[in-house]
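[1] Using only what follows, build the 3D model:
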Amino acid sequence: MAADTRRESGVSRDSDSGRGSTAGESAGGAESRSLGPVPLPAASRFRPLLGLLVPAALVVVWHLVVATGIIAAYQLPTPLRVAETLYGMAATGELWGHVAITVQRVVLGAGLGIVVGTVFGTATGLSRTASDLLDPLLQSLKNIPSLAWVPLFLLWFGIGESAKVLLIAVGAFFPVYLNLSTGIAAVDEELLEVAEVYDLGRVESLRRVVFPAALPDLLVGIRGGVGLAWMFVVAAELIAASQGIGFLLSDGRTLARPDIIVGSILLFAFLGNCSDVAVREVRDRVVGR
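    Numbers count the residues shown, from 1 in each chain. Predicted coordinates:
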């Protein structure tokens, strides 16, 4: 009987040992799984940063060509010199006044151009007669350079803000008009037939069928119009302006200050890119791309 008791005790110890070994292996497996390779962040998170690579490389090249004397500093200042000039003007508050008035002119001019472009684009897109009457003239006017309008606008509207805003509106008008007119004319006939089946009126058809179908084209036109508004504002601020980034650019030329000239150009590039990103974000949210 004592022998049986010793055998049972041995079996119990073996069983406990087996369970302990299994538990140890399980814990070891869990530990090895927890110490596995950490997943890397998705590459798409860093994709927006790719757009900074080329500008950064250009700044480096810019610094090197000036520092090595390939281009004289009085012709092209170093990036640091331009940054110091802009910082000094920002610290005194002078820069913000120029930026604010330029942004105001672009917003007013682009808004006016978008509204008028939408009206004309809708008319020529819906009516073949209106397109035949207006499109040849408008296609010709869009080829006129911005500076060519300046003397005429000075003669018509004087040197006040209205001349500047209207000149910017001219630039914003054409991309909106062209894209919306093309988009409305290309609306699927089946969609128009559906509107007729449901006996929608003219206004309801425009609101529920035509404009939603042409919305992507309209947003592309707005994006192009805002971009041209920033190009036209330079010409607009040559019309006897005393404030604005365009005036700052002209003042730098008069004073032979290449740091002010280059700084003004960079400000136009930065602000134009910010507005383009904003319009593109709106387009992507509305269209769902």
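
[2] from here on, contacts and neighbour counts on C-alpha atoms
    Fine.

[3] low pLDDT regions in the stretch 151-289 of the chain?
    191-202, 288-289 (pLDDT under 70).

[4] try 90 this time
    151-161, 183-216, 234-243, 253-256, 280-289 (pLDDT under 90).

[5] Kindly report the same for the stretch 1-150 of the chain.
    The low-confidence ranges in the stretch 1-150 of the chain, as defined by pLDDT under 90, are 1-56, 68-69, 71-75, 125-128, 144-150.

[6] Tell me how far the helix or strand harbouring residue 60 lies from the chain's centre.
    Using DSSP states H and E, residue 60 maps to helix 53-67. Offset of helix 53-67 from its chain centre (Cα atoms, centre = their mean, to the nearest Å): 23 Å.

[7] could you show me where the helices are in the protein, in order?
    All helices of the chain, identified by DSSP state H, fall at 2-34, 53-67, 79-92, 94-126, 128-141, 146-157, 161-185, 189-197, 202-205, 211-236, 245-254, 258-287.

[8] Name the residues of the shortest one that are buried.
    Within helix 202-205, the residues scored as buried using 16 or more other Cα atoms under 10 Å are residue 205.

[9] Neighbours of the residue nearest to residue 95 when sequence neighbours are not counted, how many?
    Leaving aside its chain neighbours, residue 95 sits nearest to residue 89 (5.1 Å; criterion: Cα to Cα, 6 or more residues apart in numbering). Using other Cα atoms under 10 Å, residue 89 has 14 neighbouring residues.

[10] same question, the one 10 residues further on
    Residues near residue 99, counting by other Cα under 10 Å, number 19.

[11] could we number from 377 for the rest of this?
    Sounds good: first residue 377 from here, last item residue 475.

[12] Surely it and residue 624 touch.
    No: using Cα atoms under 8 Å, residue 475 makes no contact with residue 624, being 9.8 Å away.

[13] Can you say which of the helices of the chain is packed in most?
    Across the helices of the chain, averaging neighbours per residue (mean count of other Cα atoms under 10 Å) puts helix 537-561 on top, at a mean of 25.

[14] which helices and strands does it pack with?
    helix 470-502, helix 522-533, helix 587-612 (3 or more Cα pairs under 8 Å, 6 or more residues apart in numbering; DSSP states H and E).

[15] Let's see that with 6 Å instead.
    Packing contacts for helix 537-561, counted by 3 or more Cα pairs under 6 Å, 6 or more residues apart in numbering; DSSP states H and E, involve helix 470-502, helix 587-612.

[16] what's in contact with it?
    Residues from elsewhere that reach helix 537-561, judged by Cα atoms under 6 Å, 6 or more residues apart in numbering: 481, 485-486, 488-490, 493-494, 497-498, 500-501, 529, 533, 590, 593-594, 597-598, 600-602, 604-605, 608-609, 612.

[17] hmm, back to that, the residue nearest to residue 471 and residue 612, how far apart?
    Distance, residue 465 to residue 612, by Cα to Cα, to the nearest Å: 23 Å.

[18] got it, and residue 458?
    24 Å.

[19] and if you look at residue 588?
    34 Å.

[20] next one: residue 652
    In terms of Cα to Cα, residue 652 sits 20 Å off from residue 612.
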